[in-house]
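**Q** please find the sequence and the predicted model below.
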Amino acid sequence: MTDDRDRPLDRADLDPDPVRQLLAWQAEARAAGIQLSEAAALATATADGAPSVRMVLVKDVDDDGLTFFTCYESRKGRELAENPRAALLLYWHDLGRQARVEGPVERLSPEESDAYFRSRPVGSRLSAAVSAQSEVIESREQLEQAAAALGRFVGDDVPRPERWGGYRLRPGLWEFWQHRVDRLHDRFRYRPDDRGWIVERLAP
């Protein structure tokens, strides 16, 4: 049985720079009509190693790392405060591809978080401002009423809450994975050395 996602991935197909490789795969995902090609599973852990995972949007990818935004007081924010390492996994089912990144995480500067916050739709800014993410609340109506009340008070000029902002994951390890039939997938790891990145094929 054939699988339209089955395509070979060889060492020669990969860019020696993992940032460029990820950007190329994201561009192909967008060209293929995949919605939210920047969606990623973010894995964090407590100081004693208890893991948790959830979906986030990777808003920027460059030589400094991968950025995402959230509430600093949320579960993931608290875990990153006590254990500032994480992993991100981007998966594009229609292309049979996934990319995984691991490394230390740091907060963005307030100026960087302000700039992104201002770029969000007003409704999203109001939601971030009134939501104490991960905390128990009485009802959805409580959130809706708080957002409406804040909107009447500030209009479109919604200030960024101090508890909300961005993080940057600085990659220490990358993996690129391509689906193949019979689960003999193609899998490559980028690991750093003094000269840059060493690319190695891994068993699937």
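**A** Great, that's in hand.
**Q** in stretch 44-57, what counts as buried?
**A** T44, A45, V56 (16 or more other C-beta atoms under 10 Å). Bear in mind the C-beta positions are built from the backbone N, C-alpha and C, glycine included.
**Q** put the alpha carbons of that stretch into PDB.
**A** Taking Å, rounded to 0.1, in the frame of the first residue of the first chain, the C-alpha atoms of stretch 44-57 are listed here in PDB:
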ATOM      1  CA  THR A  44       8.300  21.400  30.100                       C
ATOM      2  CA  ALA A  45       9.100  19.800  33.500                       C
ATOM      3  CA  THR A  46       9.200  20.600  37.100                       C
ATOM      4  CA  ALA A  47      12.400  20.800  39.100                       C
ATOM      5  CA  ASP A  48      12.000  17.100  40.100                       C
ATOM      6  CA  GLY A  49      11.300  16.000  36.500                       C
ATOM      7  CA  ALA A  50       7.500  15.700  36.300                       C
ATOM      8  CA  PRO A  51       6.600  16.500  32.700                       C
ATOM      9  CA  SER A  52       3.800  18.300  31.000                       C
ATOM     10  CA  VAL A  53       3.000  19.200  27.400                       C
ATOM     11  CA  ARG A  54       0.700  21.600  25.500                       C
ATOM     12  CA  MET A  55       0.300  23.300  22.200                       C
ATOM     13  CA  VAL A  56       1.800  26.800  21.500                       C
ATOM     14  CA  LEU A  57       2.500  28.900  18.500                       C
END
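**Q** what comes into contact with that stretch?
**A** Here stretch 44-57 makes contact (C-beta atoms under 8 Å, 6 or more residues apart in numbering) with 36, 38-43, 68-70, 75-76, 79-80, 82-83, 85-86, 88.
**Q** ok, back up a step: nearest to P161 among the buried residues of stretch 44-57?
**A** Proximity of the buried residues of stretch 44-57 to P161 (C-beta to C-beta) peaks at V56, which lies at 17.7 Å.
**Q** which residues touch the residue nearest in space to the middle of the chain?
**A** With distances taken as C-alpha atoms, centre = their mean, V58 lies nearest the centre of the chain, 3.7 Å away. For V58, the contact set (C-beta under 8 Å, 6+ apart) comprises E38, A39, A40, L66, T67, F68, L88, L90.
**Q** any chance you could map the helices in the chain?
**A** For the chain, the helices defined by DSSP state H occupy 18-31, 75-82, 110-119, 122-130, 140-154.
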